[in-house]
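In: next input, structure requested:
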Amino acid sequence: MNSRIRAVLLGLSALAVSIFGTSCDGSSDHEIPEAICGTHVDPSVSRPLVTSDEDFHEFNRVDRSEAITAPCVLLSGPDPVLDFGFSWDANATDLMYLAQGTGSVSHVTEPRTINFPYKTIVGTDGAISTTPCKTKGGDYFTLTLQVPQIPLTDQTHRKDIERFMRAYFPATLKTLGCKRPVDP
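Out: Just a heads-up that it's a prediction; the model follows:
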């Protein structure tokens, strides 16, 4: 009987370690959605930009088939964590002009151009990418990203934002149904 109690206690101990080990694990990638605003992206790319794990859900007005400019916001509880603007236009967009504007949809703090196949700028709190993409809504597609939880003076997330856009923008283009190949 003593060995049976010991076996049960060892089993309970192993169960407790696995439960507490999982709940104390710092990685929360499994909680970040694998698809954000209709685009599949590895949660490990999103995780550095998201400071909360509370009840992820979307406010999404994007209709890819209609190609009408619209927002999509990933929220954690009541707070926006990733704020996107999907825009289709007849003409190419001047990214620096857009980034330095005072509007809340496209303003990016300290924007810098990056070396990327698509015209892209990255700032300390967001990014903007654009490329030719003939759809019902126009000849160019522009995606803006704002990360409202990052303070404007925080310089530490620029590389995280760049990494996210390098994954998210091309994946989004694949969902748009452009009528001609996209040659950046």
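In: mind listing the helices for this protein?
Out: 2-24, 43-46, 95-100, 158-174 (DSSP state H).
In: tell me, how many residues neighbour Leu75?
Out: Counted with other C-beta atoms under 10 Å, the neighbours of Leu75 add up to 17. In this view, the C-beta of every residue, glycine as well, is placed from N, C-alpha and C.
In: now swap in the one 5 residues further on and tell me
Out: The burial metric for Pro80, expressed as a neighbour count using other C-beta under 10 Å, is 15.
In: rewinding a little: mean pLDDT for the helices of the chain: which is lowest?
Out: The minimum mean pLDDT among the helices of the chain belongs to helix 2-24 (a mean of 35).
In: pLDDT weak spots in the protein?
Out: 1-30, 102-105, 179-184 (pLDDT under 70).
In: show me where it has strands.
Out: 35-36, 39-40, 56-60, 70-76, 79-89, 112-113, 119-122, 126-135, 138-146 (DSSP state E).
In: Met96 is nearest to which of those strands?
Out: Proximity to Met96 (C-beta to C-beta) singles out strand 119-122 among the strands of the chain, at 6.6 Å.
In: which of the residues in that closest one are buried?
Out: Judged by neighbour count (16 or more other C-beta atoms under 10 Å), strand 119-122 contains these buried residues: Lys119, Thr120, Ile121, Val122.
In: next: stretch 73-92.
Out: So, applying 16+ other C-beta under 10 Å, buried residues of stretch 73-92: 73-76, 81-89.
In: can you give me the first-to-last residue distance of that stretch?
Out: Taking C-alpha to C-alpha, to the nearest Å, the first and last residues of stretch 73-92 lie 24 Å apart.
In: cool, stretch 37-49 as well?
Out: Where stretch 37-49 starts and where it finishes are 15 Å apart, if you go by C-alpha to C-alpha.
In: for that stretch, buried residues please.
Out: Cys37, Gly38, Thr39, Val41, Pro43, Val45, Ser46, Arg47, Leu49.
In: so which of the buried residues of strand 119-122 comes closest to Gly101?
Out: Nearest member of these to Gly101, counting by C-beta to C-beta, is Ile121, at 12.5 Å.
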